[in-house]
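Visitor: 3D model of this:
(one chain, ligands or ions: 2)
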Amino acid sequence: MEREKLARGIIDTCLEMTRLGLNQGTAGNVSVRYRDGMLITPTGIPYEKLTEQSIVFVDAEGRHEEGKLPSSEWRFHQVVYQTRADANAVVHNHAVNCTAVSILNRPIPAIHYMIAAAGGNSIPCAPYATFGTRKLSEYVAEAIKDRKATLLQHHGLIACEENLDKALWLAHEVEVLARLYLTTLAIVDPVPVLDDEEIAIVLEKFKTYGLRVEA
Ligand SMILES: C[C@H](O)[C@@H](O)[C@@H](O)C(=O)COP(=O)(O)O
Ligand SMILES: [Zn+2]
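Guide: Ligands and ions are numbered 1, 2, ... in the order given. Model (predicted):
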């Protein structure tokens, strides 16, 4: 797909992320894999102000085009593409329920079979490191290697998928799971979970189930 179309897709994803209540202010960022690097949102610019020309190309060495500043989190977007060959889009946000679970420093366990949408029986929680740092990207690399989503301790969520629509869909799904987890945690801790055998069955069924209808 050509650059302008991908850039439009990034902006639409950002705006939809806000419309869904998954983000606020200039928090969050979105990227797509492009050539040997990625196209990514600029740092610190409100989504409503973005144009296709605002989206920044960052190459495989982390060099960005002149005159534009990429998201402060370009490093963790880069490690997601390096770690997961199946990822072509990455969404990061500070969704309230995901962030609340991340403050508890817990993974989301298998409280609902939809946990398998992220590729396994839990959504991990990557340890805290300052935003934008290499350390944070190292923690993300470890957390994301066998999952399509991870919480970031005291920070938020990252979700990746084969395209932007699916990455946003997954980010929303994880926020629903986080909300379910917090709701049940208020009543009982530990919350009962599905066993690994059941999650393996669901993972198998998801291979052929239309998680979302393609347009
Ligand atoms: C301080 C930043 O908001 C940080 O939380 C970062 O992770 C973020 O979400 C947005 O940063 P950018 O505007 O640099 O993408
Ligand atoms: Zn953030």
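Visitor: show me what contacts the spatially most central residue of the chain?
Guide: By C-alpha atoms, centre = their mean, the mean C-alpha position of the chain lies nearest to residue 159, the distance being 2.0 Å. Contacts for residue 159 (C-beta atoms under 8 Å, 6 or more residues apart in numbering) come out as 90, 91, 118, 148, 149, 167, 168, 170, 171, 174. For the C-beta atoms, the positions are set from N, CA and C on the backbone; glycine is no exception.
Visitor: same thing with residue 207?
Guide: By C-beta under 8 Å, 6+ apart, residue 207 has no neighbours at all.
Visitor: how near is it to ligand 1?
Guide: 33 Å (C-beta to the nearest ligand atom, to the nearest Å).
Visitor: Over to residue 37?
Guide: 16 Å.
Visitor: what kind of secondary structure is residue 175 in?
Guide: helix (DSSP: H, G, I helix; E, B strand; the rest coil).
Visitor: before we move on, could you check phi and psi at residue 89?
Guide: phi -150, psi 140 (degrees, to the nearest 10).
Visitor: End to end on stretch 82-95, go ahead and measure it.
Guide: Using C-alpha to C-alpha, to the nearest Å, the end-to-end distance of stretch 82-95 comes out at 25 Å.
Visitor: Looks to me like residue 30 is in a strand.
Guide: Yes: counting by three-state DSSP, residue 30 falls inside a strand.
Visitor: hmm, back to that, which of the contacts of residue 159 are buried? Put it as a ChimeraX command.
Guide: Command for ChimeraX that selects the buried part of the contacts of residue 159, burial taken from 16 or more other C-beta atoms under 10 Å:
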select :90,91,118,148,149,167,168,170,171,174
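Visitor: which other helices and strands contact the strand or helix carrying residue 180?
Guide: Residue 180 is part of helix 164-185, with elements assigned from DSSP states H and E. Under the contact definition 3 or more C-beta pairs under 8 Å, 6 or more residues apart in numbering; DSSP states H and E, helix 164-185 sits against helix 3-19, strand 29-34, strand 89-93, helix 96-103, strand 149-152, strand 156-161.
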